[in-house]
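Undergrad: Can you look at this prediction? I've put the sequence above it.
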Amino acid sequence: MDFTKDEAKVAVITGASGALGSQLVSILKEEKYIVVACSKRTAVKDAAFSEKFDIADSEAVRRYIKEVLKRFGRIDILINNAGYAGNPKAVDKTDDENVLRMFRTNVYGPLYFMREVLPTMKRNGAGKIINIASKAGVYAVPYLSAYSASKSALIALTQGVAKELKRENVSIICVSVSPAGMNTALRAKVYGKEDARRQQDVRAVANIINNIAIGRMAVPQGANVVIKQKHPTIRVMEDG
Ligand SMILES: NC(=O)c1ccc[n+]([C@@H]2O[C@H](COP(=O)([O-])OP(=O)(O)OC[C@H]3O[C@@H](n4cnc5c(N)ncnc54)[C@H](OP(=O)(O)O)[C@@H]3O)[C@@H](O)[C@H]2O)c1
């Protein structure tokens, strides 16, 4: 399919009912993107199209992306934002269900989305993929070992895909973003409301992610952007 320059661009945001996701929906709409969204249980009202499903269900992800392409014909931005962190626990107290849920949500889901979205981006010759990891994925956090490991896996997954894209010489940028603590329900659930109130403002983090998504802030292929106290630090991808 050919695209005209003035045709509206389409952004897909997962976890759009959550704190960071809903800010991303609102900012990208202000940027005149057609924003399509998904969540697990909570409906997203202000997106052009939204569905509720578990991102760890690869069939559901496939159906959803097929429907998005049927309705809007293109995907310019994918933000893998949905994430799950269980309660803090020593690793010897961690149960199977929680570990699996973290890896399914934080790693498998983003992989399934990239797998479905990359072919259409490759056909269009352009695209931007942003995977929302965590500072915990760079500097592991005690009692959140499995969460930290799942976000490290997401950063590695991002870099693997970025290296594939480099080899294929296509104009698709795939990067990860690692926010430090944000004042959201997820943080409050893990460390309590008092702690959450001391964390960085989620809107400020969303603004930085938006700048990366629309190309206002240049980030090299495969980089990981750590956002701490509303300040982005770019960690470039390295080879061994
Ligand atoms: N908050 C922090 O301090 C912090 C710090 C670093 C990184 N992060 C990361 O930033 C991202 C956003 O965090 P947040 O604080 O905005 O989280 P949040 O408010 O808890 O929102 C999480 C979102 O993910 C969705 N979700 C969770 N599991 C899902 C699944 N299996 N399938 C589909 N959707 C699912 C939720 O949908 P429902 O509402 O429908 O359940 C919700 O929309 C996450 O990846 C998180 O790990 C957060």
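TA: Perfect, thanks for sending it. Just so you know, these numbers come straight off a predicted model, no measurement behind them.

Undergrad: The top strand by length along the chain - contacts with which helices or strands?
TA: As assigned by DSSP state E, the longest strand anywhere in the chain is strand 171-179. Applying 3 or more CB pairs under 8 Å, 6 or more residues apart in numbering; DSSP states H and E, we find strand 171-179 packed against helix 109-124, strand 126-132, helix 145-168, helix 202-213, strand 224-228. Where C-beta positions appear, they are placed from N, C-alpha and C, glycine not excepted.

Undergrad: at 6 Å what do you get?
TA: Judged by 3 or more CB pairs under 6 Å, 6 or more residues apart in numbering; DSSP states H and E, the packing partners of strand 171-179 are strand 126-132, helix 145-168, strand 224-228.

Undergrad: following it, which helix or strand shows up next?
TA: Next along the chain after strand 171-179, taking DSSP states H and E as the criterion, comes helix 185-191.

Undergrad: Does residue 129 touch residue 173 like I think?
TA: No - taking contacts as CB atoms under 6 Å, residue 129 lies outside contact range of residue 173: 7.1 Å.

Undergrad: more neighbours, those two?
TA: residue 129 (26 against 22; other CB atoms under 10 Å).

Undergrad: who's in contact with that one?
TA: Contacts for residue 129 (CB atoms under 6 Å, 6 or more residues apart in numbering) come out as 78, 174.

Undergrad: Let me see the confidence value for it.
TA: Note for residue 129: predicted pLDDT of 98.

Undergrad: same deal with residue 169?
TA: pLDDT, read off for residue 169, is 88.

Undergrad: Begin at 52, not 1, for the rest of this chat.
TA: With the count now opening at 52, the last piece we talked about shows up as residue 220.

Undergrad: quick one: the worst-scoring helix or strand of the chain on mean pLDDT to chain centroid distance?
TA: Across the helices and strands of the chain, mean pLDDT, DSSP states H and E gives its lowest value to helix 236-242, namely a mean of 93. Remark: helix 236-242 is offset 18 Å from the chain centroid, using CA atoms, centre = their mean, to the nearest Å.
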